[in-house]
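K.L.:
sequence isn't available, so here's the structure alone:
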């Protein structure tokens, strides 16, 4: 348990990668981790597009205003309500795919890879651009792109725990200190 907690507390977004490719076995492990995430009513509405072709990576960088950095691999996490095990996939695909994304980020860190979550949804222009680059059908909704690779350097853990954001039993706004604990 301590190892898992340390993994969670030490994970950081990495935006600079070595040019070394990510092995297919590692990509498969990351996808297994993503598909092991919880989902509403076990609907599993996710689909994943793995990109390691330099031209597609270049096109994707152009489509993502906040994803201009270079990584040897990207996994785009998508929701597909038609693949959901039941109708709840229509309602909770974003939450389900977010849980899958977090599993992939943690698994990447555990494998010694760097990773960074780059948002796609809910910005319509970005969503359309990513759909065009990847040839996604209209019913498949891209949530995010996870940039992956061997980190150029590792970052030190950054404490993010803020006791002032914790409320027990009821919300208590003692001083309306929005943002003061960042």
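P.N.:
Arrived safely, thanks for sending. Just so you know, these numbers come straight off a predicted model, no measurement behind them.

K.L.:
okay, CA-based contacts and neighbour counts for the rest of this
P.N.:
Will do.

K.L.:
so what touches the longest strand along the chain?
P.N.:
The residue-count maximum for a strand in the chain (DSSP state E) belongs to strand 141-149. Contacts to strand 141-149, defined as C-alpha atoms under 8 Å, 6 or more residues apart in numbering, come from residues 15, 17-22, 71-80, 94, 97-98, 101, 105, 108, 113-122, 127, 130-131.

K.L.:
what about this structure, any weak spots by pLDDT?
P.N.:
The chain contains residues with pLDDT under 70 at 1-2, 88-89, 174-182.

K.L.:
ok, which stretches of it are strands?
P.N.:
Using DSSP E, strands in the chain cover 46-51, 73-79, 114-119, 141-149.

K.L.:
okay, now the sheet partners of the longest one, with direction.
P.N.:
Meaning strand 141-149. strand 73-79 (antiparallel), strand 114-119 (antiparallel) (DSSP bridges).

K.L.:
show me how far that strand is from its chain's centre.
P.N.:
6 Å (C-alpha atoms, centre = their mean, to the nearest Å).

K.L.:
tell me the buried residues in stretch 28-37?
P.N.:
For stretch 28-37, a neighbour-count test (16 or more other C-alpha atoms under 10 Å) marks 30-31, 33-35, 37 as buried.

K.L.:
ok so, going back, can you list the strands of the chain in a markdown table and add mean neighbour count?
P.N.:
Shown next, in a markdown table, are the strands of the chain (neighbours: other C-alpha atoms under 10 Å):
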| stretch | mean neighbour count |
| --- | --- |
| strand 46-51 | 19 |
| strand 73-79 | 25 |
| strand 114-119 | 23 |
| strand 141-149 | 26 |
